[in-house]
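K.L.:
model this:
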Amino acid sequence: MKKALITGANKSIGFEIARQLLQKGYHVYLGSRKLENGAEAVEKLKAEGLAAVKAVQIDVSNTASVKAARAEIGKKTEVLDVLINNAGINGGMPQTALTADADIMNEVYNTNVFGVVRVTQAFIDLLRKSDQPRIVNVSSSQGSLTLHSDPTSKYYNHKGATYHPSKSALNMYTINLAYELRDTNFKVNAVDPGFTATDFNNHRGTGTVEEAGARIVKYATVDASGPTGKFFSEEINPETGVIPW
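P.N.:
Sure, this is the predicted structure:
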């Protein structure tokens, strides 16, 4: 049975990703900043007959918490097949370039960028033991410099000086990570789940969590012929999914 760790998986898109991976026969480590919330999520999944799941406390913004999660999961398995860096925060609105609070920006980067770095580095040894290791960094088309400098793009007028740059930085980390692992069996990609109706955006999104979860799971389960080092948004490009960095 393949094993997956999903950060920020106690609700919304992360929870749906867990559900869909469980349905595909994976064992899921459901990461949650608060263990009680993770435990509640696990009980919901078990009520659906999806039992191969365990809640793990992990606050990606805290190095000690990440190390503790690595130690706990390491007691359960020597191999991790999938890492989905899903945990993220938006920093609130509005986010104008002239008024964005630098301290809040730091908090957002600490979760959306540095959190991914912490988790990836902490679990890379377990991933290396997998025959087909997969890393998906949950990004956003809002982090595309190309799209956000194009007045004809769909979300050109939806600017954000805090959240958007954090995803741009995450994208560059993804490029570097994929490059370093290019001669291995790893597949490393950044994936935009789309503008999804969740509490992250006060349910203003137009997509469903089921659609968003399926987009992430698709790239978390690609076979040996699958892509690596790419940025995907099936909302923006329904044909191939590939969008510019």
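K.L.:
For the rest of this, base every contact and every neighbour count on C-alpha atoms.
P.N.:
Noted.
K.L.:
would you list every one of the helices in the protein?
P.N.:
Assigned by DSSP state H, the chain shows helices spanning 12-23, 35-47, 63-76, 102-112, 114-128, 145-148, 163-180, 209-220.
K.L.:
hmm, who's touching the shortest one?
P.N.:
By CA atoms under 8 Å, 6 or more residues apart in numbering, the surrounding residues in contact with helix 145-148 are 141-142, 153, 155-156, 159, 168, 244-245.
K.L.:
in this protein, which residue is closest to the centre?
P.N.:
residue 86 (2.5 Å; CA atoms, centre = their mean).
K.L.:
re earlier: now the buried members of the contacts of helix 145-148.
P.N.:
141-142, 159, 168, 245 (16 or more other CA atoms under 10 Å).
K.L.:
So which of the helices of the chain is nearest residue 235?
P.N.:
Set against residue 235 and scored by CA to CA, those come closest in helix 209-220, at 9.4 Å.
K.L.:
List the buried residues of that closest one.
P.N.:
When neighbours are counted by 16+ other CA under 10 Å, the buried residues of helix 209-220 are found to be 209-217, 219-220.
K.L.:
So which residues make contact with it?
P.N.:
Helix 209-220 has contacts (CA under 8 Å, 6+ apart) with 12-14, 16-17, 20-21, 82-84, 134-136, 138, 189, 191-194, 196-198, 234.
K.L.:
Now the two most distant members of the buried ones among the contacts of helix 145-148.
P.N.:
Greatest spacing in the buried ones among the contacts of helix 145-148, by CA to CA: 159 and 245 (16.2 Å).
K.L.:
residue farthest from the centroid of the protein?
P.N.:
If you look at how far each residue of the chain sits from its centre, by CA atoms, centre = their mean, the farthest one is residue 98, at 28.8 Å.
K.L.:
Show the pLDDT at that one.
P.N.:
We have a pLDDT of 96 for residue 98.
K.L.:
Okay, now the unreliable bits of this protein?
P.N.:
Filtered on pLDDT under 70, the chain yields the residue ranges 197-206.
K.L.:
can you put the contacts of helix 145-148 in TSV and add distance to residue 182?
P.N.:
What follows is the contacts of helix 145-148, written out as TSV (distance: CA to CA, whole Å):
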residue	distance to residue 182
141	24
142	26
153	31
155	32
156	32
159	33
168	21
244	20
245	18
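K.L.:
Can you tell me which of those is nearest residue 64?
P.N.:
Using CA to CA, residue 168 is the member of the contacts of helix 145-148 that lies nearest residue 64, at 25.9 Å.
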